[in-house]
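Trainee: Fold the following.
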Amino acid sequence: MGTGDLSLDIRTASTTRTGSSVITARAAATFEPVGRSVATARSFVRDTLQGWGYTDIVDDAVVLTSELVTNAVVHAGTSAEVLCLRSDDHIRVEVADRYPEREIPLQSAAINMGSPDREGGRGLQLCAALAGRWGVDYSATHKRVWFQLDLPERSVGTRAAGPALPSELLPLADERVRVAVVQIDKTGAITAWNEDAEHLFGYSAEQVTGKPLTDLAAWPHTPGISTGIADALQLSRWEGSYGVRGSDGRVTPVYASHLRVRDTDGDPSTVCLLVRNHERAVLQTPVRVPAPDSPSDGQGSDPFEVFIGSPAPDDLDGLLQRTVERARDMLDGDSAFLLLATDDETELEVRASTGLPSARQRFARVPVEVGPGRYGSARMPAVHEDLTQVPGAVPLLNGTGMRSVVTVPLKVEGRLTGSLGVAAESPDRYSNEEALRLQFAADRIALAVESARLGELEKLRRGSLSFLVEASDLLAGTLDRDQTLALMAQMTVPTLATWCAVYTIADQASEPFLSYVLHEDEERIDGLKALLSKIAPPEPVPTPGARVWSAPAEAAHQAALRTSMRSLGLGELASVSSGIGTTLQTASAVGGETVVLPLVARNRVIGMLTLGKPSDEHFRQEILELAEDLSRRAALALDNARLYSERMAISQSLQRSLLPPELPEVPGVEVEVIYRAAGEGNEVGGDFYDLFPISDGAYGFAIGDVCGTGPEAAAVTGLARHALRLLAREGFGGPAVLERLNAAILDEGARSRFLTLLYGELWPQQDGSAVLKMVCAGHPLPLRLRQDGTVVPFAEPQPLLGVMDDLELYEQTMTLDPGDVLLCVTDGITERREGTRMLGDDGLAEVLSTCTGLTAGAVAARIMRAVERFAADAPSDDMAILTMRVAGLHHD
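Mentor: Numbers count the residues shown, from 1 in each chain. I've put the predicted structure just below:
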């Protein structure tokens with residue numbers, strides 16, 4: 001033994017052996033120092049030993065492992081390494097932690113185990129009591145506690161055996177039992193798919209190879225709860241029920257046995273054996289029956305673990321599924337089911353079943369009180385010897401072929417929390433004796449089930465809160481109606497439903513309109529949209545909450561039936577097979593439960609959110625409550641988007657009304673205008689321009705900028721443009737026009753806004769030139785471009801309008817020669833910025849100087865392009881450009 005190592009080997013004298021054993025198998029796992037690792041370690045050891053076929057010693061090994069791992073991860077606070085070794089005559093389990101300095105005993109010292117009630121040290125007491133051999137090894141970095149359990153003597157060739165049974169008691173199976181063998185690689189993708197799998201589910205190996213098994217498995221999923229098939233595929237061994245969606249879209253209930261293996265290169269994979277659920281006996285591990293000589297007084301046993309088995313599943317779904325399977329086996333039934341009560345105890349929701357079409361029944365709801373009398377209430381035990389004599393007594397079993405049934409309530413502190421039932425295909429199978437046995441079991445598990453349910457509910461609420469917060473953020477991030485509709489659908493599919501349709505209502509007099517359709521399978525969206533378009537929309541009822549809508553499922557069923565009948569009558573299967581497939585797929589997609597939630601905003605129904613499930617599936621109550629919360633938020637977001645769209649339309653309409661509908665043609669003068677409004681288009685800008693005929697060959701033109709934006713600025717803009725036209729046509733000159741406009745603006749009082757304005761009058765001349773009279777009231781000065789490229793200001797600055805009462809303005813008379821260009825802009829052009837740089841009057845003049853020989857339109861386009869390229873950011877102010885180029889009069 002190396003320096004620093006100490007080994008303690010304690011053996012039970014009667015079982016000590018000499019010599020070494022050959023290790024024939026090993027399994028190892030490491031568990032983090034968290035509380036749930038103890039349960040995970042128990043499952044690891046149980047699954048490993050059951051996989052090796054040593055069910056006789058599983059319980060002792062699990063108890064010892066549980067205590068030793070608890071010491072490591074809870075008391076020592078380190079990770080625990082568990083190693084299982086198999087030999088010909090015993091198994092050995094080693095549990096190592098990384099805290100070697102804890103209480104190192106010496107070989108010569110007597111080991112004091114302490115009190116049996118003391119938490120620490122109990123693992124060693126159990127090892128001494130249960131193990132044939134055990135020991136403790138110490139090194140510088142590890143402490144390893146190991147125990148050895150001897151294997152019972154067995155007849156050669158016998159691994160497990162049951163009693164001989166009469167033929168009528170043997171489990172039922174089809175004439176040929178088909179066992180699907182599916183192998184899954186470490187990424188979850190299918191790598192092997194046998195002929196029985198192809199027969200059971202309709203897919204060839206080529207169709208599914210490389211696809212994730214999760215695409216085919218109908219495994220329940222709830223927001224905020226991560227339990228799923230992906231987790232089950234990572235376990236060393238797993239058994240249970242789920243569904244596989246076939247090529248026809250229907251779900252086949254299966255019983256599965258998963259085994260995690262590794263190849264010669266060390267890569268892990270999972271081998272899945274699957275049979276139809278009613279043939280589960282082919283794969284199901286037999287329930288261990290206590291030995292005849294074992295004590296039966298139950299002393300020291302937990303009644304809950306006696307019924308459920310140890311360790312109990314950690315999650316609610318696993319616990320419920322284990323419960324129905326044990327209840328069915330206990331009463332030798334053909335099926336079993338467990339329902340949980342809603343908070344108000346008026347309905348029961350199916351949460352687990354075995355031997356029934358679970359995909360169809362899961363989350364289906366039935367009333368607590370189904371009829372008068374004792375047997376009409378789920379609050380009391382009930383025995384029905386023959387359901388054909390009392391049709392509808394147990395709605396869940398309608399059409400399942402079950403004849404006799406016994407049901408008992410689950411109660412906690414006198415409150416109904418659920419119902420447990422076992423059914424058989426033959427009549428007269430159950431009596432009050434079976435009801436008492438089942439009630440005893442229900443009483444043992446009721447508290448654990450309610451505790452697990454509350455834990456799941458808390459997880460769901462936390463997940464729901466996170467979901468709603470994210471949904472609110474997304475909905476608040478857009479005011480676009482179409483994007484809001486898309487977000488509503490994308491947030492519900494597939495988290496809450498398999499498919500979704502959103503109906504909108506424009507006003508109270510309008511019919512609901514199908515605005516958006518989404519399905520988790522994109523290939524089914526078109527068929528779903530076509531189906532919904534052919535049926536009447538749901539009634540826009542403002543009552544809150546989800547209500548069932550059966551029309552889509554009925555329409556899909558009828559369409560599929562008509563297509564099938566038509567194909568049979570024509571006999572041309574090849575030509576219509578594609579249509580049949582699409583119709584059947586659509587029918588399967590909407591064949592489950594469909595609910596409608598009203599979208600109510602500001603006391604008005606503005607639409608409806610429709611959620612649906614595929615064939616025979618139902619919504620659970622918590623999902624509907626979450627969908628109702630989402631619908632309220634979505635309705636408000638949709639209505640905000642509608643109001644924003646209406647405001648934008650009004651603003652754009654008002655903006656157009658403030659600009660001239662079209663520009664007149666001026667003889668001998670080319671005119672071009674470019675106007676760009678800043679922002680998203682929901683506010684009316686303050687920039688405007690105009691060009692209009694006055695009389696006797698004279699034309700008025702103007703370009704201005706009202707301070708601010710919005711309705712007040714729009715009012716001043718409208719006043720200015722129409723006043724200019726009216727006063728100019730009355731014969732007033734430029735200064736008189738602007739002075740009267742200034743007085744009108746000041747008369748607006750608090751609603752007034754100051755205004756910069758360039759106003760002028762233009763007279764084309766016979767010699768090809770043009771005479772202009774202009775007044776520049778606080779506006780950027782117009783620029784003149786001569787044919788030689790010279791650029792000069794073409795007016796003098798004067799006071800702006802809307803500030804002072806007494807204005808003394810004057811007009812300037814200038815002449816533009818043929819080929820000259822007059823450029824008029826608003827300050828959005830000259831004040832274009834990039835950091836600390838500004839385009840300014842000089843920059844504008846420099847750009848204009850490069851426009852010699854260009855038309856008016858080309859000059860305006862070059863100026864706008866230069867302004868946009870001056871800065872990377874979008875313009876923050878409105879921009880208007882008015883260019884006039886004197887081209888000269890043409891004489892015939």
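Trainee: I'd guessed E672 sits against L854; true?
Mentor: No - the pair E672 and L854 fails to qualify as a contact (CB atoms under 8 Å) at a distance of 10.4 Å. (Each C-beta comes from the backbone N, C-alpha and C, glycine too.)
Trainee: now stretch 253-271: how far from the chain's centre is it?
Mentor: On the basis of CA atoms, centre = their mean, to the nearest Å, stretch 253-271 sits 30 Å off its chain's mean C-alpha point.
Trainee: Residues in contact with that stretch: which ones?
Mentor: 51, 180-186, 191, 200, 232-244, 272-277, 279-280, 283-285, 357-359 (CB atoms under 8 Å, 6 or more residues apart in numbering).
Trainee: Just the buried residues of that stretch, please?
Mentor: Neighbour counts over stretch 253-271 (16 or more other CB atoms under 10 Å) mark 253-260, 269-270 as buried.
Trainee: now the stretch 751-892 of the chain, which segments are flagged as low pLDDT?
Mentor: Where the stretch 751-892 of the chain drops to pLDDT under 70, the residues are 751, 888-892.
Trainee: Going along the chain, name the helices of it.
Mentor: Assigned by DSSP state H, counting those that start in this stretch, the helices in the stretch 751-892 of the chain fall at 827-830, 840-848, 856-870.
Trainee: next one: the stretch 401-550 of the chain
Mentor: Taking DSSP H, counting those that start in this stretch, the helices of the stretch 401-550 of the chain run over residues 432-476, 481-492, 525-534.
Trainee: by how many degrees do the second one and helix 432-476 diverge?
Mentor: By that I understand helix 481-492. 150 degrees (axes from the mean of the first three to the mean of the last three CA atoms, to 10 degrees).
Trainee: and helix 481-492, which residues are buried?
Mentor: For helix 481-492, using 16+ other CB under 10 Å, the buried residues are 481, 484-489, 491-492.
Trainee: Among those, which one lies nearest to V792?
Mentor: R481 (51.1 Å; CB to CB).
Trainee: With the flanking residues excluded, which residue is spatially nearest to that closest one?
Mentor: For R481, ignoring the flanking residues on the chain, the nearest one in space by CB to CB, 6 or more residues apart in numbering is A641 at 4.2 Å.
Trainee: correct me, but that neighbour touches T478?
Mentor: Yes - counting by CB under 8 Å, T478 is a contact partner of A641 at 7.2 Å.
Trainee: Quick check: phi and psi at the residue nearest the centre of the chain.
Mentor: Nearest residue to the geometric centre of the chain (CA atoms, centre = their mean): T495, 3.9 Å. Phi and psi for T495, reported as degrees, to the nearest 10, are phi -60, psi -40.
Trainee: Got the confidence number for it?
Mentor: For T495, the model assigns a pLDDT of 84.
Trainee: ditto for the one 10 residues further on
Mentor: I505 carries a pLDDT value of 88.
Trainee: ok, now which ones touch it?
Mentor: Neighbouring residues of I505 by CB under 8 Å, 6+ apart: 511-513, 540, 605-607.
Trainee: Adding mean pLDDT and distance to L149, write the helices of the stretch 401-550 of the chain out as TSV.
Mentor: Shown next, in TSV, are these (pLDDT from 0 to 100; distance: least, CB to CB, whole Å):
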stretch	mean pLDDT	distance to L149
helix 432-476	82	29
helix 481-492	87	53
helix 525-534	85	59
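Trainee: how about those helices, which one is nearest D317?
Mentor: Closest approach to D317 among those (CB to CB): helix 432-476, 8.2 Å.
Trainee: Next up, the contacts around the spatially closest residue to A452 that is not a sequence neighbour.
Mentor: Closest residue to A452 apart from its sequence neighbours, by CB to CB, 6+ apart: L316 at 4.2 Å. L316 makes contact with 351, 449, 452-453, 455-456 under the criterion CB under 8 Å, 6+ apart.
Trainee: quick one: which of these is most hemmed in?
Mentor: Of those, R351 is surrounded by the most neighbours, 26 neighbours in total, counting by other CB atoms under 10 Å.
Trainee: any chance of the buried residues of helix 481-492 in CSV, with distance to Q439 too?
Mentor: Compiled in CSV, those are given as follows (distance: CB to CB, whole Å):
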residue, distance to Q439
R481, 57
T484, 53
L485, 52
A486, 52
L487, 50
M488, 47
A489, 47
M491, 44
T492, 41
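Trainee: Between those residues, which sits nearest A442?
Mentor: Nearest member of the buried residues of helix 481-492 to A442, counting by CB to CB, is T492, at 36.3 Å.
Trainee: That closest one reaches L630, doesn't it?
Mentor: Yes - if you go by CB under 8 Å, T492 and L630 touch, sitting 6.9 Å apart.
Trainee: Find residues that contact each of those two.
Mentor: Counting by CB under 8 Å, 6+ apart, the shared contacts of T492 and L630 are L609.
Trainee: where's L785 relative to K143, distance?
Mentor: From L785 across to K143, the span is 93 Å (CB to CB, to the nearest Å).
Trainee: Compare the two (neighbour count), which wins?
Mentor: Per other CB under 10 Å, whichever of L785 and K143 has more neighbours is L785, with 26 against 23.
Trainee: Leaving out the residues flanking it, which one is nearest to that one?
Mentor: That would be V821: by CB to CB, 6+ apart, it lies 4.1 Å from L785.
Trainee: count of residues packed around that neighbour?
Mentor: 25.
Trainee: Show me what it is bridged to.
Mentor: On the basis of DSSP bridges, V821 is bridged to L785, R885.
Trainee: got a list of what it touches?
Mentor: By CB under 8 Å, 6+ apart, V821 lies in contact with 784-785, 848, 851, 854, 856, 859, 883-886.
Trainee: related to what we said a few turns ago, pull the most distant pair out of the buried residues of helix 481-492.
Mentor: The largest separation in the buried residues of helix 481-492, counting by CB to CB, is between R481 and T492 at 17.6 Å.
Trainee: Could you count how many residues lie near the nearest residue to A551 once chain neighbours are set aside?
Mentor: Using CB to CB, 6+ apart and skipping residues adjacent in sequence, the residue nearest A551 is I535, 5.1 Å away. Number of residues near I535 (other CB under 10 Å) recorded here: 14.
Trainee: Indicate each strand paired with the top strand by length along the chain and its parallel or antiparallel sense.
Mentor: Criterion DSSP state E: the longest strand present in the chain is strand 251-262. According to DSSP bridges, strand 251-262 forms sheet pairs with strand 237-245 (antiparallel), strand 268-276 (antiparallel).
Trainee: closest one to R725 among those?
Mentor: Nearest to R725, of all the strands paired with strand 251-262, is strand 237-245, at 72.0 Å by CB to CB.
Trainee: Now name the helix or strand holding the closest residue in space to R237 that isn't next to it in sequence.
Mentor: With CB to CB, 6+ apart as the criterion, R237 has its nearest non-adjacent residue at 3.9 Å, and that residue is D47. Under the criterion of DSSP states H and E, D47 resides in helix 36-52.
Trainee: mind listing what's buried in whatever helix or strand comes next after that helix?
Mentor: Downstream of helix 36-52, the next assigned helix or strand under DSSP H and E is helix 58-70. By 16+ other CB under 10 Å, the buried positions in helix 58-70 come out as 58, 60-70.
Trainee: from what I can see R42 touches A61, true?
Mentor: No - counting by CB under 8 Å, A61 is not a contact partner of R42; they are 9.4 Å apart.
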